[in-house]
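>>> Please find the sequence and the predicted model below.
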Amino acid sequence: MQTLREAEFYFPITSLDSQHLLSLLHQHRQRLSEQGLLSKEHLELPLQLGRSSIEGMMHGFIDLIFEHKGKFYVADYKSTHLGTSLKAYQPTALAENNLKHAYDLQYLIYAVALHRYLKQQLPDYQPEVHFGGVCYLYVRGMSPMDSNGVFFTPIGTELLLALDAAFSIQTGNSEE
């Protein structure tokens, strides 16, 4: 298994439409709801970004990128206290906590960063073949006996490419 720890990333944002980004996030949340990880009430929680258009540099660190059976994954460690029993760390509770703290937006950004990294590093990169998804590891709730404390979601190719495009939109002000 290959790993890359504390992977730092930068990418420019020239004109990100925040409403479009929130629409993509809502689509992702809808999929989680259809899987039974989020209730319909959670889908109604408002999320706003401070500006209608975002410009600048996206910078961050992904705790861990790992490869397993030819697929690459984002992993992020969370030390959030959700309760004193392992039951407090079941996948539905983790999905709700991700939504509450906008960790789902965070991991979608991480997914774009990994996608862009893989495009540069793998000559035959195909997202549907090589991109595995996202794991959020809630260390206080992890147990070797079950999957408590581990939130995993694949990121579909369509969503991944839409996110990548949203962060790539160029304004019409470039000089020729």
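Now that the structure is in, tell me what you want to look at. Keep in mind that what you see is a predicted model, and the values were worked out from it rather than measured. Numbering: from 1, shown residues only.

>>> Please pull out the lowest mean pLDDT helix or strand from this protein.
helix 40-43 (a mean of 74; mean pLDDT, DSSP states H and E).

>>> That one - contacts with which helices or strands?
Applying 3 or more C-beta pairs under 8 Å, 6 or more residues apart in numbering; DSSP states H and E, one finds that helix 40-43 contacts helix 18-34. Where C-beta positions appear, they are placed from N, C-alpha and C, glycine not excepted.

>>> picking up where we left off before, dump the least confident helix or strand of the chain to PDB, restricted to CA.
As requested, C-alpha coordinates have been extracted for helix 40-43 and formatted as PDB (Å, rounded to 0.1, in the frame of the first residue of the first chain):
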ATOM      1  CA  LYS A  40     -34.500  14.700   5.000                       C
ATOM      2  CA  GLU A  41     -34.400  17.300   7.800                       C
ATOM      3  CA  HIS A  42     -30.700  17.500   7.600                       C
ATOM      4  CA  LEU A  43     -30.900  18.400   4.000                       C
END
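
>>> need the contact list for the residue nearest to I62 when sequence neighbours are not counted.
In space, and not counting its chain neighbours, I62 is closest to A7: 4.4 Å by C-beta to C-beta, 6 or more residues apart in numbering. A7 makes contact with 61-62, 64-65, 113-114, 117 under the criterion C-beta atoms under 8 Å, 6 or more residues apart in numbering.

>>> Now which of those would you call buried?
Using 16 or more other C-beta atoms under 10 Å as the burial test, the contacts of A7 include 62, 64-65, 113-114, 117 as buried.

>>> Those in strands, which ones?
Among these, the ones falling in strands (DSSP state E) are 62, 64-65.

>>> Out of those residues, which comes closest to L32?
Minimum distance to L32 across those is 20.6 Å, recorded for I62 (C-beta to C-beta).

>>> Can you show me the helices along this protein?
Assigned by DSSP state H, the chain shows helices spanning 18-34, 40-43, 91-100, 103-121, 127-130, 157-166.

>>> Would you reformat those helices as TSV and include distance to Y136?
Converted to TSV, the helices of the chain look like this (distance: least, C-beta to C-beta, whole Å):
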stretch	distance to Y136
helix 18-34	12
helix 40-43	16
helix 91-100	6
helix 103-121	6
helix 127-130	20
helix 157-166	17
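
>>> List just the one of the ones you listed that sits closest to F11.
Of all the helices of the chain, helix 103-121 comes closest under C-beta to C-beta, at 6.4 Å.

>>> State the mean pLDDT of that closest one.
Across helix 103-121, the average pLDDT comes to 95.

>>> Could you tell me which other helices and strands that helix packs against?
Counting contacts by 3+ C-beta pairs under 8 Å, 6+ apart, helix 103-121 packs against strand 3-17, helix 18-34, strand 53-68, strand 71-78, helix 91-100, helix 127-130, strand 131-138, helix 157-166.

>>> Many thanks, have a good one.
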